[in-house]
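1. Need a 3D model of the following:
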Amino acid sequence: MHKRRGDDKFRSTVEDITKAVLNPGLTLPTFYATDLNRLPPVDIKHCDVSAILAELQALRSEIRNMRQLQDEVSTLRNQVHELIQASEGPNKSDVGQGSSISFAHCAVDLQMTGMAPHSTASTDDRSKQKTRSSIVRKTVIGASASNKYVASVKTFRHVDLFVSRCHPHTADAMLTDCVDVVKGELQVHDVSCTKLKSRYEHLYSSFHVQVKVASSDFKKAIDLFMSAEAWPSDLLVRRYFPP
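-> Next up, the predicted model:
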C-alpha cells in the first residue's frame, strides 16, 4: 500500500484498505492462535445455538426410544402374565401365582437388559475354568530306589565354566585334574577343556571347561563348581555362555 500524504490521507488510506480487502485476486495473510489458553474465556452469548439445538433433538429422540422400550416391556409382562394364568390350574394358590409372576417379570427384565440367568451361569463357568487353568501342576520326577521295573532314559547336561587368571603355562590336563578334585563324590561323565585367547597371553591364560553330568545332578553340579571353596586361591571362575 502506498503511503498517503496531504489533508485527506486518512480517507485515502481507508479506501485503499477497503479495496485490498474486497479484491478477490489478492491473498491476505491469515492469523490464528497457536496457544488456545491465551484466548479469553467464551461467554454464554458466544455459544453455538445450532449445536445446542442438535443436542436437544438427540436427547429427545433417545427419550422417545426409552419410552418405546418401556411400552414393549409392559406388553411382554402382560403377555407372560396371561400365559401363566392360562397354564396354571384354578386350584393353584395365590402365593404360588404371585411368586411365579414376579419370577417371570424378573426374567423378562433380565432378558431385556441382556442379563439373562443363563448368561450369569456361563460367566460363572468361565471364571471356574479360568481358575482351574491358572492352577499350575508341578512336574513330578521319580525318585524311588526300590521300584526298578521300568528304566528311564539317561539324559545329560553340560556345566560350562569360564576359568581365568591361570598361569600362562597351564595345560588342559591340569584343569582336568583340578575338576576331578573339585567334583568330590559327584559323578562326572566327561570333562573337556578349551584354551581361550586371552588379551595378555604372557600374563595369564583362560579356559572354557565343560563338565558333563546327569540331568538329575545338574543343580548340584552348579552349586558345587560355583563355590569359592572348591577352586584354588585367586582363580576367577564364572558361568560360561557360548556365543
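2. Now do the helices for this protein: every range, in order, please.
-> In the chain, the helices defined using DSSP state H lie at 9-22, 49-87, 94-112, 117-134, 172-183, 218-225.
3. contacting residues around the last one?
-> Pointing back at helix 218-225 there. Contacting residues not belonging to helix 218-225 are listed as 157, 159, 161, 179, 182-184, 186, 188, 211, 213, 230, 237, 239 [C-beta atoms under 8 Å, 6 or more residues apart in numbering]. C-beta here means a position set from N, CA and C on the backbone, and glycine is covered the same way.
4. Lowest average pLDDT across the helices of the chain?
-> Lowest mean pLDDT of the helices of the chain: helix 94-112, a mean of 52.
5. buried subset of the contacts of helix 218-225?
-> Among the contacts of helix 218-225, the ones that count as buried by 16 or more other C-beta atoms under 10 Å are V159, L161, V179, V182, K183, V188, V211, V213, A230, V237.
6. mind listing what the last one touches?
-> V237 makes contact with L161, F162, V163, S164, F225, M226, W231 under the criterion C-beta under 8 Å, 6+ apart.
7. That one bridge partners, please.
-> Beta bridges link V237 to V163, judged by DSSP bridges.
8. Check it and give its pLDDT.
-> pLDDT, V237: 89.
9. repeat for the second one
-> Here, the pLDDT recorded for L161 equals 89.
10. measure it to L186 for me?
-> 14 Å (C-beta to C-beta, to the nearest Å).
11. likewise E55?
-> Applying C-beta to C-beta to E55 and L186 gives a distance of 80 Å.
12. swap in S144?
-> 22 Å.
13. Strands - which of the contacts of helix 218-225 land there?
-> R157, V159, L161, V188, V211, V213, V237, R239 (DSSP state E).
14. List just the nearest of those to L26.
-> Nearest to L26 among the ones in strands among the contacts of helix 218-225, counting by C-beta to C-beta, is R239 at 78.4 Å.
15. residues in contact with the closest one?
-> Contacts for R239 (C-beta under 8 Å, 6+ apart) come out as D160, L161, F162, I222, M226.
16. and those as CSV, adding distance to E62?
-> Formatted as CSV, the contacts of R239 follow (distance: C-beta to C-beta, whole Å):
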residue, distance to E62
D160, 70
L161, 74
F162, 72
I222, 68
M226, 71
